[in-house]
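Asker: here's a sequence, model it:
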Amino acid sequence: MSHSDFFPGFAKREIPLGDVSLHARIGGAGPPLVLLHGYPQSHLMWRRVAPALAARFTLVVPDLRGYGRSSIPASRDGEAYSKRVMASDIVALMRELGHERFRLAGHDRGARVGYRLALDHPERIEQLAVLDIVPTAEMWRGMDAARAMAVYHWMFLAQPEPLPETLIARSAREYIDHTLASWTAAKSLDAFGEDALASYRAAFADPARIHAFCEDYRAGATLDRLADEEDSAAGVKIAAPLLALWGDHGIPAAGQGPLDVWRRWASDVRGHGVACGHFLPEEASEATLRALLDFFT
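Answerer: Numbers count the residues shown, from 1 in each chain. Predicted coordinates for the structure are as follows:
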């Protein structure tokens, strides 16, 4: 199946934005809604919910910088992959498409871009949905032995260049297959389908993309954490209504209640768990779609 078949009727665009060009699928009708993917995936992770959402919204479904088919800006020490920089990409992308205000749903790293965008550019976001995360600063504050074992990749990928890049490249297929399977409830690759899986694996055949992924996590350990700590200390909160969804078998579910955590960061919070692991739009697409439609409409 081609990428076009995953997003029937959607346009395919390559949109230059200064130092980066973002690949995006755009389709549907209605108010604008951005869908942001996470690691180690691409915009394809939204393929099972996008067609139904497009009946109600104008969807913009990009690959984040460094991911999917978007360009790969040079970076050291995470500087080009901070969530502040990635959020600025999305603001610029939406402005280029004629949208000053929009709704946003993000999963994993895309959700981190989303809440950073809501903090840095509150005038842009009408509503925000975050899938299977709590804020980066909260993750580091709660890094006890159990969490560290569950999210060892936060520390591994953030190690100085080129250690993680070198090790991943030598067994890239095994690495991504293990990563994807281990974060599902079933501990298998069955949720993904061969076509999407082939695309996710292809990114890990490119050393430049592996480096971009590591830079994303280097930023998470430094620049992103610092930005969160500064907002937390200043008492800055997300103003837009926020929906938090999480997998019952995922990482956020194992910590303090995700809604309690998000209420420290946002003024208007609702949400619930979904019977799946980390990959809500692929493991539990119907429940995820229903929750997003209920919230955004």
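Asker: which parts of the stretch 101-250 of the chain are helices?
Answerer: Here the stretch 101-250 of the chain has its helices, by DSSP state H, counting those that start in this stretch, at 109-120, 136-141, 145-150, 152-157, 163-170, 172-182, 194-203, 207-221, 223-234.
Asker: which of those is buried the deepest?
Answerer: helix 109-120 (a mean of 26; mean count of other CB atoms under 10 Å). Quick note: C-beta positions are derived from backbone N, CA and C, even for glycine.
Asker: what ranges do the strands span in the protein?
Answerer: Per DSSP state E, the chain carries strands over the ranges 11-17, 20-28, 32-36, 58-62, 102-107, 125-131, 242-247, 269-274.
Asker: format those as CSV; extra columns: mean pLDDT.
Answerer: Conversion of these to CSV gives the following (pLDDT from 0 to 100):
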stretch, mean pLDDT
strand 11-17, 98
strand 20-28, 98
strand 32-36, 99
strand 58-62, 98
strand 102-107, 99
strand 125-131, 98
strand 242-247, 98
strand 269-274, 98
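Asker: what's the spacing between Cys214 and Asp120?
Answerer: 24 Å (CB to CB, to the nearest Å).
Asker: my bad, Leu259
Answerer: From Leu259 to Asp120 the distance is 23 Å (CB to CB).
Asker: how about the strands of the chain in TSV, adding mean neighbour count and distance to Ala137?
Answerer: As requested, these are arranged in TSV below (neighbours: other CB atoms under 10 Å; distance: least, CB to CB, whole Å):
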stretch	mean neighbour count	distance to Ala137
strand 11-17	14	27
strand 20-28	21	26
strand 32-36	26	19
strand 58-62	25	25
strand 102-107	26	17
strand 125-131	24	14
strand 242-247	26	16
strand 269-274	18	17
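Asker: Pro73: which of the helices of the stretch 101-250 of the chain is closest?
Answerer: helix 207-221 (8.0 Å; CB to CB).
Asker: just checking, what packs against the closest one?
Answerer: Counting contacts by 3 or more CB pairs under 8 Å, 6 or more residues apart in numbering; DSSP states H and E, helix 207-221 packs against helix 152-157, helix 163-170.
Asker: any idea how far apart the tips of stretch 52-62 sit?
Answerer: 17 Å (CA to CA, to the nearest Å).
Asker: can you check stretch 11-26 too?
Answerer: End-to-end span of stretch 11-26 (CA to CA): 5 Å.
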